[in-house]
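**Q** this one's structure only:
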């Protein structure tokens, strides 16, 4: 018996990295999973490696019609939807002074609008299924201000706010809505950051940045009935980064 037996999950940005790890773990726990992305070759390969209870669909999270097509695909393939993981996201470095309008809008369209469209399109399917769980992947950037990450930070603060509003609005219809706040995670997005993963690990009390599987386990908790009384909340998974810094021991 898996913790997600009988559930059907849609994970965006699931062709690789954190999204793929989430899809793989949810499937291992008994869920049928739909991996959605714009990286078609990688997405199809990931779904095939998971097994028969996994499928891939092309989804541009910025496009309402693409979401509608994805909803139809999920229902046609698995009959219903019980779990939505809004995982897709992009990162662009830039400050208030250096971020150009088109760069800002690009991040907002994927991270913020994509999350909104996911909830807007898929929540009715969860209600029809008798309830379920929406899990929005935000960031510790939604709890503080990160220099040189203006657009990304703004988009993650918005996800935090939308999560709380949706949790209040959908609770009586059996849909729980929560957010996960990862710190730095070893993914292709972080690999391209200045200094890379090793530089970021120096700021983490646990001494390492997260592996994708670390975040997937938090998603599993929120997707499962173990979190049946949790909605409107944020789970921080940052290795203690926001707790503070360890001072050197005096000699």
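**A** Yes, it's here. Predicted, not measured: the structure shown is a model, and the values here were computed from it. Numbering: from 1, shown residues only.

**Q** Quick one: low-confidence residue ranges for this protein.
**A** Along the chain, the parts satisfying pLDDT under 70 run over 189-197, 245-251.

**Q** longest helix anywhere in this structure?
**A** When the chain is parsed with DSSP state H, its longest helix is helix 150-170.

**Q** Just after it, pick out the following helix or strand.
**A** Later in the chain than helix 150-170, the nearest helix or strand by DSSP states H and E is strand 175-182.

**Q** Tell me which residues are up against that following strand.
**A** Under the contact criterion CB atoms under 8 Å, 6 or more residues apart in numbering, strand 175-182 has outside partners 18, 119, 123, 126-127, 131-140, 142-143, 159-160, 163, 166-167, 170, 210, 215, 218-219, 222, 227-228, 230-238. Every residue, glycine included, has its C-beta placed from N, CA and C.

**Q** Buried subset of those as a ChimeraX selection?
**A** To isolate the buried members of these in ChimeraX, using 16 or more other CB atoms under 10 Å:
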select :18,119,123,126,132,133,134,135,136,137,138,139,140,142,143,159,160,163,166,167,170,210,215,218,219,222,227,231,232,234,235,236,237,238
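
**Q** related to what we said a few turns ago, pull out the buried positions in the longest helix of the chain.
**A** Within helix 150-170, the residues that count as buried by 16+ other CB under 10 Å are 150-160, 162-164, 166-167, 170.

**Q** same check, this time on stretch 65-73
**A** For stretch 65-73, the buried set under the neighbour-count rule, 16+ other CB under 10 Å, comprises 66-67, 69-71, 73.

**Q** Next step: those residues restricted to helices.
**A** Taking DSSP H as the definition of helices, the buried residues of stretch 65-73 contribute 66-67, 69-71, 73.

**Q** Starting from residue 125, give me the distance back to the one residue sitting closest to the centre of the chain.
**A** Relative to the mean C-alpha position of the chain, the nearest C-alpha, by CA atoms, centre = their mean, is the one of residue 87, at 2.5 Å. From residue 87 across to residue 125, the span is 17 Å (CB to CB, to the nearest Å).

**Q** what's the closest non-adjacent residue to residue 187?
**A** What sits nearest to residue 187 in space, not counting adjacent residues and going by CB to CB, 6 or more residues apart in numbering, is residue 17, at 3.7 Å.
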